[in-house]
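Participant: Any chance you could fold what I've pasted below:
(4 chains)
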Protein chains: 4
Amino acid sequence: MSGIFGVINRKGIDEGTASTAYYGIFSLQHRGQEAAGIAINNSGSFLVHKRDGMVADIFDDITLNTLQGSCAIAHARGSDGISGPDGIQPVVIRSSVGSIALSCDTAILNAERIREELKNQGAIFQTNTDTELILSLFSRNRIVTDTTEQALLKTMQELEGVYAMVIMTEDKLIAVRDPYGLRPLSLGKKGDEWMIASENCSFDALGAEYIRNLEPGEILSISAEEMSSIYYNDQISEAERIKNGKICIFEYVYVARPDSVIDGTNVFKSRYDAGKALAKIHPCDCDLVISAPDSGNPAALGFADGLGVTYGMGLLKNRYVGRTFIKSTQEQRELAVRLKFAVLKEAIRGKKVALVDDSLVRGTTMKHIINFLRDNGASEVHVRLASPEVRFPCYYGVNASSDNELPATHMTDDEICKMIGADSLGYITLDALKAALGGLICDSCSACFDGDYVAGKTEKK
Amino acid sequence: MSGIFGVINRKGIDEGTASTAYYGIFSLQHRGQEAAGIAINNSGSFLVHKRDGMVADIFDDITLNTLQGSCAIAHARGSDGISGPDGIQPVVIRSSVGSIALSCDTAILNAERIREELKNQGAIFQTNTDTELILSLFSRNRIVTDTTEQALLKTMQELEGVYAMVIMTEDKLIAVRDPYGLRPLSLGKKGDEWMIASENCSFDALGAEYIRNLEPGEILSISAEEMSSIYYNDQISEAERIKNGKICIFEYVYVARPDSVIDGTNVFKSRYDAGKALAKIHPCDCDLVISAPDSGNPAALGFADGLGVTYGMGLLKNRYVGRTFIKSTQEQRELAVRLKFAVLKEAIRGKKVALVDDSLVRGTTMKHIINFLRDNGASEVHVRLASPEVRFPCYYGVNASSDNELPATHMTDDEICKMIGADSLGYITLDALKAALGGLICDSCSACFDGDYVAGKTEKK
Amino acid sequence: MSGIFGVINRKGIDEGTASTAYYGIFSLQHRGQEAAGIAINNSGSFLVHKRDGMVADIFDDITLNTLQGSCAIAHARGSDGISGPDGIQPVVIRSSVGSIALSCDTAILNAERIREELKNQGAIFQTNTDTELILSLFSRNRIVTDTTEQALLKTMQELEGVYAMVIMTEDKLIAVRDPYGLRPLSLGKKGDEWMIASENCSFDALGAEYIRNLEPGEILSISAEEMSSIYYNDQISEAERIKNGKICIFEYVYVARPDSVIDGTNVFKSRYDAGKALAKIHPCDCDLVISAPDSGNPAALGFADGLGVTYGMGLLKNRYVGRTFIKSTQEQRELAVRLKFAVLKEAIRGKKVALVDDSLVRGTTMKHIINFLRDNGASEVHVRLASPEVRFPCYYGVNASSDNELPATHMTDDEICKMIGADSLGYITLDALKAALGGLICDSCSACFDGDYVAGKTEKK
Amino acid sequence: MSGIFGVINRKGIDEGTASTAYYGIFSLQHRGQEAAGIAINNSGSFLVHKRDGMVADIFDDITLNTLQGSCAIAHARGSDGISGPDGIQPVVIRSSVGSIALSCDTAILNAERIREELKNQGAIFQTNTDTELILSLFSRNRIVTDTTEQALLKTMQELEGVYAMVIMTEDKLIAVRDPYGLRPLSLGKKGDEWMIASENCSFDALGAEYIRNLEPGEILSISAEEMSSIYYNDQISEAERIKNGKICIFEYVYVARPDSVIDGTNVFKSRYDAGKALAKIHPCDCDLVISAPDSGNPAALGFADGLGVTYGMGLLKNRYVGRTFIKSTQEQRELAVRLKFAVLKEAIRGKKVALVDDSLVRGTTMKHIINFLRDNGASEVHVRLASPEVRFPCYYGVNASSDNELPATHMTDDEICKMIGADSLGYITLDALKAALGGLICDSCSACFDGDYVAGKTEKK
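Facilitator: Numbers count the residues shown, from 1 in each chain, chains lettered A, B, ... in the order given. Prediction:
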């Protein structure tokens, strides 16, 4: 997963373009905090500043001041299994049509095959990333098409998988959303600055106006002169295109920021409503509803309201947990959970507690937390989950776990309940979860719950 | 403010001493996140590793493995106005009685005068810190006393102000709490490791047992052979000593971690209870109670429960806010608040909101938040504060603001309400706040609210 | 200019391959000291470590120990006008025939044109370097040829200019010398390790045996199984190929290390002999012969012997001159020369001094040195140069000066003598310099002296 | 060993004070290249910039521009056995008389005893350096004396050993040379900038005028108003004081830069003359005289002239040898010598070579060089040394070797000749060496040759 952002000043001037890109990508760090970068178009010369680390550590005033220009794209990179500096974006190349920069959030399923084909046509690859692959494929397509947009369309026809991209050319900012619309992507505006962002929470942070989501398969092209779109699936109507979209359901469950609105659905409200629905499906005899902080907070509030039981604090999350954590021994791994979470003994002592979380993937941390709550005096711990059993691996980059790491693939709910040491365990149903996504204008991909891989699986080599 | 930690293995062996110090200080980072360090006694040779940054970035496995020994002290440093590497602790010196290391959390009021006196006796100072001053004073006192403890006692008689210290000598770990007991300090134990920590939340994180608070004026000395205390104010009874203690009331309001228990009072519960009391003093006609995250959370829960109105989420705090933030222009300062907080529009739209925070110091951020809430649809915003008006500057290092930066020194509550743009504003009274500190075994310093400086003011040069 | 090195262990084992590459490139740093790197073939997986700085600062024991493998190539990079990390070699790519690494020392004259052609075929470029260009061209040629060597031959047919390369494939080490043989390249051997180096001084440093120079246009391929060559110009006999070679004459004048032997000519001896010949052509009434250290030393010794006058020390070169030198004002520029050179007053006071240098390109430093010598008591300063007047810019990367920076393009010897403030000035003739290259098995390129550009000029865009 | 430098602008203005300090210390790097620093007096506030590394890497334009002021001191630090940042100078402290900065080049023989005494008076030490010791002792002496100069005099009376210092107070620059005058120290001037430097080569580099050496035991104090000296040994006449001086003879043999003049003797000339005298004492039947570069160059020239045999180049020294050299195995140690030196085969093949070096301390490198010369065709190698047998360890910091590492303590010249593999070996006599120091205005310390420790030995604890 990663966060992508783009901005173009349609007057062609610099009213703080780099600063906008900085704030834009800063607000998308929940999607990726390993590395970040900004590329800016300085009158045709593309400047780029990118490296490992957190956005606030990568850029300072001096750096931002050197990044002058009227169009920029940015990237916040998550853990993607690519080691070293290779995967840091944006990537800038020179092609037959000049300089091009790309930021993308992808899971290309036929990458291996395309890479082999391109190599067999003489292409070279300096990294193992989707980004370089897409740029190489695009460049080959560009020379047999008339426009950048046509070349992107042809590229989409060859790529299989999931992606959202922002592309900066010497005179345009282009945004692309995959034909399934699996990844979110939206358009915003502040004065003459038009923006593309993975989530519209960026626009709120910038005081910009949210215009609309990109449609599945849309190629939106913005220049000083015009703004227009072409579509991958233009043989069907716009209404159908939107309705057929398959936004990733895990965006609502966990990934997106609660203040974002994706494809018509408010993320916070969907979590709260899921919690409320969960209270009907799996009510619970308890004194106190607490959440697994912070991702479980909205669902826990909804659950408490649905149940009519007081919502309270029972666990705190330590905000200083760093990247280089030390856990060489078993005891240290337990310490790691104690460092990450603190229990408010006074609040839970002698209480029957309902512990609400957004999801349960492997269960290891949950087990330690339950143990920790009991040690500190909780008399009962009932676990409630605002998403169904995760039974299938995700090939689209959201969850890296394989089959045998997912307990729900081979254990019943009762067995899982026992494994994590809870007094009871209840999952929301997939139907109820989908019902909680009120206002959703499209369909969703729920492959991790039901195994229905809307974009297929990764090609075997 | 800073966090201090010490550990001694009374069997004289290394069962992960450095690791204990690491986890201990990690849990105290809310008291200081500018720099950190660990000093360890390796058979009489003192090793030290310290630098700028967050604890998790300063230490890795390799570093911790080089820190072998059976006694260690650690420090997490807050912003203290000392630039550069000078203020990073622990500080290790060689004196007439061998190597000594010191970690301290201090506000020495007569530092200038003592420094001049020592210089006039020939002492040299390489920094401008209290730490070097205390070590220099101690060393001079040590040569005219028989024991380290006596030298510390004499040093306490000369120092005026507020302090908590852990001192490591070649065979002991010593903890000192100032005669007023203004700073918290507690004793814990896990197996043969005995520990000293600014707050007992460290012990929970380590799975260690909390034994007791240090008494005001106590010098607690722990070696392999024995554990004993002497007292600054030993002319009065232990009961009186404790009862006379003046713990900083702001520890409960804001500073300490909610899961800590200080001088008999549970921090979370005191905040919750203050919120509940506030609901009686300043009730509010509202649809929703939200908190200024995260410091206002416990009081907001208490306020909601006291009022019988639903507690909900309205604001999110961005956890990626870094140190090198960019705010050169007015517009960027507003952006900074938007980056730090996100509004959950769906939750607050059209609502009469009660916004609860722990305290209001300058009011600038509060003003931006209220504005932000209104922009996103809140119909009314009522502010409730779980501490009284801050009318006096703190000379003890908790709050760096001077008189004219504190609106409550020269504005009425109504004027402040207008300034921040709230529909109403209500503070808890000092009596009600003190009543919320149920279980407190001592008195407290509330100089910031009432101007009664229990330890005096900083000496003018 | 840069230094290139390659090594393959023909038993396929690792007997210190990375260490050999390290020592090999260390000995070639006089050809480039901006950056360096090593790429090694670890059973098909190519590891690379490279960055800015001096070889000894880039590698340490830990790094070298991680570079395991039986074949490696290395690079020491000179100033080449490419900013940032882009030009640091070796460069590793994945192509249709697997991983390939390249280290090269090049001046490709038709780079712009080839790059455009490749872009128009869909290629993308992430840098502006010859290295990426060559790899991209090679990869396209590889898919229409049967072998790596044939693809390299085809690539040579398309490239115009000057180059020496070492290429590492998954099973071979390949060395390429341009058809003119403008850059030196030689083959050596120690046990089962076969080596390629820009100069054979590397072999002496490693205790390895020097085997032979590569022929102009040779593609030498070494694997565990076999060692064989093909030739660009295979239509002519080996004897003719060698005889037609055009080694850069500036290698003997300045570039190469004195202990190297290039194409049959000993570098030190050629400089000494040039100095001796110069004494016949431009004798001088002087008391003392000194050199401009250190590059003028061999010629000064020869000049002194030829003249029968004592050779002595008059100038010292400061070995601590760093990269980040400070010369913002005119006065500081003069200081810079004083810092770079020291005068031995005692040795030159009252003396008529003959100052011998290898060449005079711009003359600025020489002017300061003469002034400096006079200030310190030299009664006369006669300048003698062991190379002819530099009248033409070099398009082959040896000398970056353009026409109007070369005084000899528009000034007589007398005018230059006056400009630098010498009492007399004498250059060796080109014929005499060529005669001093005794033993040279080929012809040479002396374009900088006579304007005869054997490989043509850089193509204009 | 280290280099020290100080500058004061007597008009009290900044005409490039930091730049002068930079160039001054740059020219003294041959005395120490581990670390460096500059402290400057900015109107009473002392700024300091110092760290590990070479001078040119530590300072850049931006840093120098921040160092504003009219007085500065600087330091270039050699290997002194103090690990880490502790030994980096200048050291700045605050004392009873304000800020004081110190740069020194010392070997204090009674440091342990003084440190214990000071600790027993209550002093604390944060490092194990002479610098901190001297500052602490001085500060105690300052409070019982009337002036800084008197306090320095009292400090000199308590210190035993060897030292040169520059001290910066809030209004003065003070230089101190130990009573034996073992370390060199000189005074120079350029415009209103008055300077102190370890060697006068700094003044040449700066275009400054050399005024005089400091006398043994002199305390020279320079302020805007006046310049005056007091003397440790003021009971004797100036003439006697100078005559009794005991400058370290190894300054002439190896340490000082050839262009320096120390206590009346020109360093280059003394080396050349020693070489010439050596030719009379130990003539040699040889074809060629070469030097062990670069330290043996002057003596080799003198030897060649004395013998009437041609001086030539046979060995080159690689100027890229870095600090982090890799020599874990025996073979790699041999490689290290091959990397450090190159042999000019053509020049020495079949020749009877006289190899001249300044001194022979341990002999290990010499052995490898001789072997290397023979491997490359030298028919005979005769070693001639321009200093006597080193039979005694130096307690004054010049040579760290202990007794049993010095072959001359337990081997005859013949045995050493055999060990290093030379055909013959000849040392100059001590009398002849002293005779070569023509013009020396004082006596010298030759303890390493004759065991006469003019300043005593290091006190045992």
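Participant: Checking my notes, A:His49 in a helix, right?
Facilitator: No. Counting by DSSP: H, G, I helix; E, B strand; the rest coil, A:His49 falls outside a helix, being strand.
Participant: partners of it in the sheet?
Facilitator: A:Ile38 (DSSP bridges).
Participant: Next one: it from chain C, what distance?
Facilitator: Separation of A:His49 from chain C (CB to the nearest CB, to the nearest Å) stands at 11 Å. Backbone N, C-alpha and C define where each C-beta goes, glycine included.
Participant: And for that residue, the neighbour number?
Facilitator: Counted by other CB atoms under 10 Å in any protein chain shown, the residues lying close to A:His49 total 18.
Participant: in which helix or strand would I find the residue of the stretch 51-200 of chain A at minimum distance from chain D?
Facilitator: Closest residue of the stretch 51-200 of chain A to chain D, CB to the nearest CB: A:Ile62 (11.3 Å). When elements are assigned from DSSP states H and E, A:Ile62 belongs to helix A:61-66.
Participant: Off-centre distance for that helix?
Facilitator: Chain-centre distance of helix A:61-66: 28 Å, with CA atoms, centre = their mean, to the nearest Å.
Participant: Any buried residues in stretch A:303-319, and which?
Facilitator: For stretch A:303-319, the neighbour count (16 or more other CB atoms under 10 Å in any protein chain shown) marks A:303-307, A:309, A:311-316, A:318 as buried.
Participant: quick one: which of those is nearest to chain D?
Facilitator: Once CB to the nearest CB is applied, the member of the buried residues of stretch A:303-319 that ends up nearest chain D is A:Asn318, at 32.0 Å.
Participant: tell me which residues of the helix holding A:Ile62 are tucked away?
Facilitator: A:Leu64.
Participant: next structured bit after the helix or strand bottoming out on mean pLDDT in chain A?
Facilitator: Ranking every helix and strand in chain A by mean pLDDT, DSSP states H and E puts helix A:330-340 at the bottom, with a mean of 75. Note on helix A:330-340: by DSSP H and E, the next helix or strand toward the C-terminus is strand A:341-343.
Participant: helices and strands around that following strand, which ones?
Facilitator: When contacts are defined as 3 or more CB pairs under 8 Å, 6 or more residues apart in numbering or on different chains; DSSP states H and E, strand A:341-343 sits against strand A:315-317, helix A:364-375, helix B:201-206.
Participant: Chain C contacts on the stretch 101-250 of chain A?
Facilitator: A:119-126, A:128, A:135-136, A:139-143 (CB under 8 Å from any CB of the partner chain).
Participant: For the stretch 351-461 of chain A, which segments count as strands?
Facilitator: A:352-357, A:380-385, A:424-427, A:443-445 (DSSP state E, counting those that start in this stretch).
Participant: picking that back up, which of the residues of the stretch 101-250 of chain A next to chain C scores worst on pLDDT?
Facilitator: Ranked by pLDDT, these bottom out at A:Asn128 (91).
Participant: tell me the domain ranges of chain A?
Facilitator: A:3-244, A:267-445 (automatic domain parsing).
Participant: Now tell me which of the ones you listed the model trusts least on average.
Facilitator: domain A:267-445 (a mean of 91).
Participant: start to end distance for it?
Facilitator: 16 Å (CA to CA, to the nearest Å).
Participant: ok, and does the helix holding A:Ile62 reach over to chain C?
Facilitator: No. Using CB under 8 Å from any CB, helix A:61-66 stays clear of chain C, with a minimum separation of 13.3 Å.
Participant: what's the helix or strand following that helix packed up against?
Facilitator: Downstream of helix A:61-66, the next assigned helix or strand under DSSP H and E is strand A:71-77. Contacts defined by 3+ CB pairs under 8 Å, 6+ apart place strand A:71-77 against strand A:2-9, helix A:17-26, strand A:35-42, strand A:98-108, strand A:161-168, strand A:172-177.
Participant: Give me the sheet partners of strand A:71-77 and which way each runs.
Facilitator: Using DSSP bridges, strand A:71-77 pairs in its sheet with strand A:2-9 (antiparallel), strand A:35-42 (antiparallel).
Participant: Quick check: which of those strands is buried the most?
Facilitator: Ranked by mean neighbour count, the strands paired with strand A:71-77 are led by strand A:2-9 with a mean of 29 (mean count of other CB atoms under 10 Å in any protein chain shown).
Participant: hmm, back to that, please dump the strands paired with strand A:71-77 into CSV; it should also carry distance to B:Ile441 for every row.
Facilitator: Compiled in CSV, the strands paired with strand A:71-77 are given as follows (distance: least, CB to CB, whole Å):
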stretch, distance to B:Ile441
strand A:2-9, 50
strand A:35-42, 49
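Participant: returning to what we had before: out of the helices and strands packed on strand A:341-343, which one sits most buried?
Facilitator: With a mean of 25, the top stretch among the helices and strands packed on strand A:341-343 by mean neighbour count (mean count of other CB under 10 Å) is helix B:201-206.
Participant: Counting by contacts, list what it packs against.
Facilitator: helix A:330-340, strand A:341-343, helix B:17-26, strand B:186-190, strand B:193-197, strand B:209-213.
Participant: Contacts for it next, please.
Facilitator: With CB atoms under 8 Å, 6 or more residues apart in numbering or on different chains as the contact definition, helix B:201-206 has outside contacts at A:335, A:338-339, A:342-343, A:376, B:5, B:20, B:23-28, B:186, B:188, B:190, B:195, B:197, B:208-210, B:256-257, B:259-260.
Participant: one more time with 7 Å
Facilitator: Applying CB atoms under 7 Å, 6 or more residues apart in numbering or on different chains, the set of residues contacting helix B:201-206 from outside is A:335, A:338-339, A:342, B:5, B:20, B:23-24, B:27-28, B:188, B:190, B:195, B:197, B:209-210, B:257, B:259-260.
Participant: List only those of the residues you listed flagged as buried.
Facilitator: Buried members of the contacts of helix B:201-206, counted by 16+ other CB under 10 Å: A:335, A:338-339, A:342, B:5, B:20, B:23-24, B:27-28, B:188, B:195, B:197, B:210, B:257, B:259-260.
Participant: mind listing what A:Tyr180 touches?
Facilitator: A:Val162, A:Pro216, A:Gly245, A:Lys246, A:Val454, A:Ala455.
Participant: quick one, phi/psi of it?
Facilitator: phi -90, psi -20 (degrees, to the nearest 10).
Participant: could you measure it against A:Tyr453, distance?
Facilitator: 10 Å (CB to CB, to the nearest Å).
Participant: Over to A:Leu118?
Facilitator: A:Leu118 is 25 Å from A:Tyr453, where distance means CB to CB.
Participant: again with A:Ser270
Facilitator: The gap separating A:Ser270 from A:Tyr453 is 22 Å, by CB to CB.
Participant: Repeat that for A:Asp294.
Facilitator: Note on A:Asp294: its distance to A:Tyr453, by CB to CB, is 30 Å.
Participant: count of neighbours near A:Ala107?
Facilitator: 22.
Participant: Give me the distance between the two termini of stretch A:282-292.
Facilitator: First-to-last residue span, stretch A:282-292, CA to CA: 17 Å.
Participant: now what about it, what contacts it?
Facilitator: Contact with stretch A:282-292 is made by A:297, A:300, A:303-304, A:307, A:309-315, A:348, A:351-357, A:369, A:382, A:384, A:424, A:426, as judged by CB under 7 Å, 6+ apart.
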